[in-house]
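S.K.: Coordinates only, no sequence provided:
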């Protein structure tokens, strides 16, 4: 969602933040809080843990921003968050658990497409997809989340993961194939996807 | 049974996956495309990967239930405020201030779109001096009285939804002035928080956030507090869609999602979303 045209904006903001401009860093937080939180959420599952990771990532970014020179802020920030996700896994905290929507703290939904069946089907589709991502190993999960949840380019993902482009390609491809295999265990999933897309 | 002869350059799994993302070199991309045109099996493999990617991208973009801050103990040795969002609030206040000031100018000095309701004033243009493209150009002004606000709510909103807390009847009403916009147009958003335990018009105090989402990714918008109407905080803003950092193609089906973490310490959340269609410019 943040194409390359944002790089120059980021660079200006980072330049200001490096000189202690809190407003500039606030702009960076506002800009990246939703994508960063969602990256963490799809990695670790629990909203509280994801929020903790996003919070800590912003804290560390603020503390270290003076060390950031020419590297793109977005890749650097996601790299910090990715490392925090791996720390989270190493600590063995709630490994890989994905929340059911039923257990979230959302108590009321106002949806302008109020068809209950449509909502139920969408909820079921999302649950299956989340579980399929959950089943991936951490490296593949991170690669596919950065690509298909956050929309990073392969080059940006390579920077975040500090691996060659070929490794990025391979992880994303294998992750997609594994997710596809799991989703195909539900015979009507892709039929519904087709209907959903039409 | 021998398999059918294949074109020698059958793409690998990695190539098919990267093909979906346009991440192959131009020559490779062309070679894969050429192969796909004559190979139903590989086209089916590609379709499966594409549907999978689409399913992941369709996951809803969640909104964090709290804002991210830099606490005092993590301050750097030089200037820093205890809460990062103070800056955003300052921007919001500035924008409202600019909007009010613009309303006092002759009509020609603004790019007011005008209104059909009894709102005093229209949509004032604020210079885009802020870096965050997701900040509204202007908020509906706080200069309207109760009756005027009611008139605005009924006449301007055509895309509206209400989320209700079944425990106590508290409501969040989200509305936009249209359901479909040219992708470089301005979108006017209004959010009422009926029954809120707080009358604050600071979105952070209210736990209110607003996101424009498509295919699982979104852009956060800053909801600007406008007024407290009979104790009901009202937020809103006019957002320059052309200035938002949306992925290409910008045209498409989006959802505008508002999340209200009710500020009573319970952690309960109301969410509301309306469909937004962006068309070509």
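M.R.: Cool, the structure landed. Just so we're clear, the structure is a prediction, and the values are computed from it rather than from any experiment. Numbering: from 1, shown residues only, chains lettered A, B, ... in the order given.
S.K.: now the spatially most central residue of chain A: how far from chain B?
M.R.: Note on chain A: the residue nearest the mean C-alpha position is residue A:39, at 1.7 Å, using CA atoms, centre = their mean. With distances defined as CB to the nearest CB, to the nearest Å, the gap from residue A:39 to chain B amounts to 10 Å. Every residue, glycine included, has its C-beta placed from N, CA and C.
S.K.: quick one, longest helix in chain A?
M.R.: Once chain A is assigned using DSSP state H, the helix that runs over the most residues is helix A:22-44.
S.K.: Check what pLDDT residue A:138 gets.
M.R.: According to the prediction, residue A:138 has pLDDT 95.
S.K.: Work out the gap between the longest helix of chain A and the centre of the chain.
M.R.: Helix A:22-44 has its C-alpha centroid displaced from the chain centroid by 10 Å (CA atoms, centre = their mean, to the nearest Å).
S.K.: Which residue ranges make up the domains of chain A?
M.R.: Segmentation of chain A into domains, based on automatic domain parsing, reads A:1-94, A:115-198.
S.K.: Turn these into JSON lines, columns for distance to residue B:198.
M.R.: Converted to JSON lines, those look like this (distance: least, CB to CB, whole Å):
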{"stretch": "domain A:1-94", "distance to residue B:198": "21"}
{"stretch": "domain A:115-198", "distance to residue B:198": "30"}
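S.K.: All the helices of the stretch 151-281 of chain B, residue numbers only.
M.R.: Secondary structure of the stretch 151-281 of chain B by DSSP state H, counting those that start in this stretch: the helices cover B:203-206.
S.K.: one step back: helices and strands around the longest helix of chain A, which ones?
M.R.: Here helix A:22-44 touches helix A:5-18, helix A:47-64, helix A:73-90, helix A:138-144, helix B:85-103, strand B:217-221, going by 3 or more CB pairs under 8 Å, 6 or more residues apart in numbering or on different chains; DSSP states H and E.
S.K.: Lowest average pLDDT across the ones you listed?
M.R.: Of all the helices and strands packed on helix A:22-44, mean pLDDT reaches its minimum on helix B:85-103 (a mean of 29).
S.K.: Which part of the stretch 51-200 of chain B gets nearest to chain A, residue-wise?
M.R.: Sorted by distance to chain A under CB to the nearest CB, the residues of the stretch 51-200 of chain B start with residue B:163, at 3.1 Å.
S.K.: Read off the pLDDT value for that residue.
M.R.: Note on residue B:163: pLDDT of 80.
S.K.: That one is in contact with residue B:271, isn't it?
M.R.: Yes: in terms of CB atoms under 8 Å, residue B:163 counts as a neighbour of residue B:271; the distance is 6.1 Å.
S.K.: Now name the helix or strand holding residue A:176.
M.R.: Here residue A:176 sits within helix A:165-183, counting by DSSP states H and E.
S.K.: quick check, that helix touching chain B?
M.R.: Yes: judged by CB under 8 Å from any CB of the partner chain, helix A:165-183 comes into contact with chain B through A:166, A:169-170, A:172-174, A:176-177, A:179-180, A:183.
S.K.: Could I get the buried residue list for that helix?
M.R.: When burial is assessed from 16 or more other CB atoms under 10 Å in any protein chain shown, helix A:165-183 yields the following buried residues: A:167-180, A:182-183.
S.K.: so where is the chain shaky, pLDDT-wise?
M.R.: Let's take chain A. Flagging of chain A using pLDDT under 70 yields the residue ranges A:1-9, A:92-116, A:119, A:192-198.
S.K.: Not quite, go with chain B.
M.R.: Across chain B (using pLDDT under 70), the flagged ranges come out as B:1-8, B:70-158, B:215-217, B:228-230, B:267, B:281.
S.K.: let's go with 80 and repeat that
M.R.: Across chain B, the ranges flagged by pLDDT under 80 are B:1-9, B:63-158, B:164-169, B:214-218, B:225-231, B:236-237, B:245, B:247-248, B:265-269, B:281.
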